[in-house]
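Engineer: model the structure of this input:
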Amino acid sequence: MSLPLLLNQYESDEKAVADLIDAYRDYLNEIPGASQVSVWKTLTKGVINIISGYPSFAEFPIFNLERADYVIVDTDAAQVIEAKGWKNIERIDERVVVADGELRLDPCYQLNNYVSKFNYFHSSGREIKYSGSLLLYNNRTYSSEDCEIVHTFGELRDRIAAFRRPEGQSIVDKIRNGEFHVSDDFIELISQNKSEIISNASSTLLGRGYGLTENQALLIHDVLDAVKGNEDRTFLVKGSSGSGKTLVAVYMLLESFLKGYNVFLAYRNNRLLNTLKQILETKDRKYSLSPQILYYSTGKGTGIGEANFPARNYGKIDLIIYDEAQRMTESVIRTTQGRSTVKVYFYDDKQILIGDEAGTFENFEKSCRNITKREFLSVFRSPVPYLQFVRHLLYGAKATGFSEYRLRVFDMIKDMLGDLRKIHDQGMKIALMCAFTESKGDMRELTGIDNRRIGYPLASNLDIYRGTDLDIYWLMDPKTEYPRYWSGKIDPLSRCASVYGSQGFEALYTGLVWGRDLIWRNGWVVNGEPITDGIGNHYSLKRLSKTDPVKALELLRNRYYILLTRGIKGTDIFFEDPETGKKVKSDLESINVQYE
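Structural biologist: Here you go, the predicted model:
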């Protein structure tokens, strides 16, 4: 038994609540709290009494983020019901209310977020039109123009009475068996709707399914509140791959900029930085955000977190948002503390790439003052069971099966590229990524042997591509090639990205050439011979593979975690080391996952 639970099979609300408890436990692997069970007892009896003949789901999971209280089904439509038992509600801003003395997400915003996600991201949204109602069953006075509100089960019954009862199980099965998948990646969405998003980020992104969770919205509220109060504050926000860190960072930039604050968004990754600068550039200088995106570290001493940053040119800075802050060195962490009044660091210590990167909680705690800790636990991009498999593969976590993610393993590179080409020809965004091995890249000669990654000959003399007629080169120029590649303006199979050019990006489907750097020999082993990544000098992966193989293994695990989680719907893999490929196939077979 799992969520969502179809309520029409129950005549007894006691039995329905008992099964909800079991389904909740099976789905989330935890026991619901007493307050949650009490709410179910209050609501379930009322809902069961008014849904006769209308298929109705309870606790419908939305991605791995949240759950809609109820979804009630019409013949070609469905109504999302969000129920709140709050007695006193006061609106603070467009996303936040004070409910019974606590800051909470505005219930209309939450409802509209759920409705948009069903319409844009659920597979049934192509055929079924979703709308919503807010049930405030302990409040009779709160009103809002942002959503339809009912205050009693009788009012909800009257709304449902206008529905047409569906015949048969078809529409029920489409909803219950459907899946949530992101149909537009965030960068592409901004690129196509930049003017609307920059001028009114909250409502535009909400209407396209990119609304915020309560945790995310309250973080932005608290940060902007600190900026308004001119408070010396540090926010440390930890979140794993796909948890929405970049989404919230961009939201924060847009909203604080429009409020007139002196705000900057900072990166180390020049590929992601230049892509965001391009897509946030507008002809109307009033809304041009490109100048507000800067480096926190350049390696030349001029980044925000470095000694030679020209701080006097920027005046008093109210807020700096540091995305991918796990890539900071300890020196950069210390220096950034003095650059602005409010500091926000988004980090994931599983995405550290180079030996001197030190963006862990322990290091932030040593150097930062007036700390507020937050964590984004939910994952938006990839299904949790798939992420758990990746953690099992790389870090030895418990293995779990997965069905809502397409993972394919290919013995022949041309078969993988052919599969990706078919996907691309269907109008879906793809990307190709490779281990930073075999060739080091060459900015001066883009079609030279040192920039060839797939083909023959290779600089390393690896000859597995002999006779394939393939000729695929590294993406090199962060200002021109990378922004065009990740926005779909370059043939995605003519170039490939390293981990540096993949971090922070996503595509619906990705291809990965797993190199000979991390190989399986009855355990994970670092093979330094083909590694060509010299970024970081003494701390580079190439150097560490010889001087500190334990650290190199940690970095390689992090790198492959990033590479394996760029695909929203699926990943294709080709292994340059066949024995490693056999290991991954064996792991997939052990959890009954089809990979061919």
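
Engineer: for the rest of this, base every contact and every neighbour count on C-alpha atoms.
Structural biologist: Fine.

Engineer: helix/strand/coil for the residue nearest to the spatial centre of the chain?
Structural biologist: Centroid-nearest residue in the chain: G242, 2.4 Å away (criterion: CA atoms, centre = their mean). Under DSSP: H, G, I helix; E, B strand; the rest coil, the three-state class of G242 is coil.

Engineer: dump the residue contacts of it.
Structural biologist: Taking CA atoms under 8 Å, 6 or more residues apart in numbering, we find G242 in contact with 379-382, 565.

Engineer: and of the residues you listed, the nearest to G211?
Structural biologist: F380 (11.3 Å; CA to CA).

Engineer: can you report how many residues lie near that closest one?
Structural biologist: Neighbour count of F380, defined by other CA atoms under 10 Å: 20.

Engineer: measure it to A266 for me?
Structural biologist: As defined by CA to CA, to the nearest Å, F380 lies at a distance of 23 Å from A266.

Engineer: what residue ranges in the stretch 351-500 of the chain score low on pLDDT?
Structural biologist: Scanning the stretch 351-500 of the chain for pLDDT under 70 picks out nothing.

Engineer: okay, now the unreliable bits of this structure?
Structural biologist: Scanning the chain for pLDDT under 70 picks out 183-185, 283-287.

Engineer: outline the domain layout of it.
Structural biologist: Taking automatic domain parsing as the reference, the chain has its domains at 5-176, 186-376, 384-590.

Engineer: so which of the ones you listed comes closest to E596?
Structural biologist: E596 sits nearest to domain 384-590 of all those, at 5.6 Å, using CA to CA.

Engineer: please state the offset of stretch 144-152 from the chain centre?
Structural biologist: 31 Å (CA atoms, centre = their mean, to the nearest Å).

Engineer: next: stretch 406-425.
Structural biologist: 24 Å.

Engineer: how about stretch 343-352?
Structural biologist: With CA atoms, centre = their mean, you get 14 Å for stretch 343-352.

Engineer: what does that stretch contact?
Structural biologist: By CA under 8 Å, 6+ apart, the list of residues contacting stretch 343-352 from outside reads 233-241, 245, 249, 319-327, 337, 358-360, 555, 558-559, 561-562.

Engineer: which of the residues you listed count as buried?
Structural biologist: Listed as buried from these are 233-241, 245, 249, 319-327, 337, 358-360, 555, 558-559, 561-562; burial here means 16 or more other CA atoms under 10 Å.

Engineer: from those residues, which land in strands?
Structural biologist: Residues of those located in strands (DSSP state E): 233-239, 319-322.

Engineer: and of those, the nearest to T44?
Structural biologist: Closest to T44, out of all of those and judged by CA to CA, is G239, at 34.2 Å.

Engineer: so the closest one sits against V248, correct?
Structural biologist: No. With contact defined as CA atoms under 8 Å, G239 and V248 do not form a contacting pair (11.1 Å).

Engineer: and G46, how many residues sit next to it?
Structural biologist: With other CA under 10 Å as criterion, G46 counts 16.

Engineer: so who does the nearest residue to it once chain neighbours are set aside touch?
Structural biologist: What sits nearest to G46 in space, not counting adjacent residues and going by CA to CA, 6 or more residues apart in numbering, is F153, at 6.4 Å. Residues near F153 by CA under 8 Å, 6+ apart: 46-47, 50, 135, 137.

Engineer: ok, 10 Å please
Structural biologist: 43, 46-47, 49-50, 135-137, 159 (CA atoms under 10 Å, 6 or more residues apart in numbering).

Engineer: ok, F121 next?
Structural biologist: Listed by CA under 10 Å, 6+ apart, the contact set of F121 reads 62-63, 115, 179-184, 208-210.

Engineer: how near is it to Y54?
Structural biologist: 23 Å.

Engineer: and what of S586?
Structural biologist: From S586 to Y54 the distance is 45 Å (CA to CA).

Engineer: all helices for the stretch 401-550 of the chain, in order.
Structural biologist: For the stretch 401-550 of the chain, the helices defined by DSSP state H, counting those that start in this stretch occupy 413-425, 481-486, 541-547, 549-564.

Engineer: ok, which of the ones you listed comes nearest F309?
Structural biologist: With CA to CA as the measure, helix 481-486 is the member of the helices of the stretch 401-550 of the chain nearest F309 (25.3 Å).
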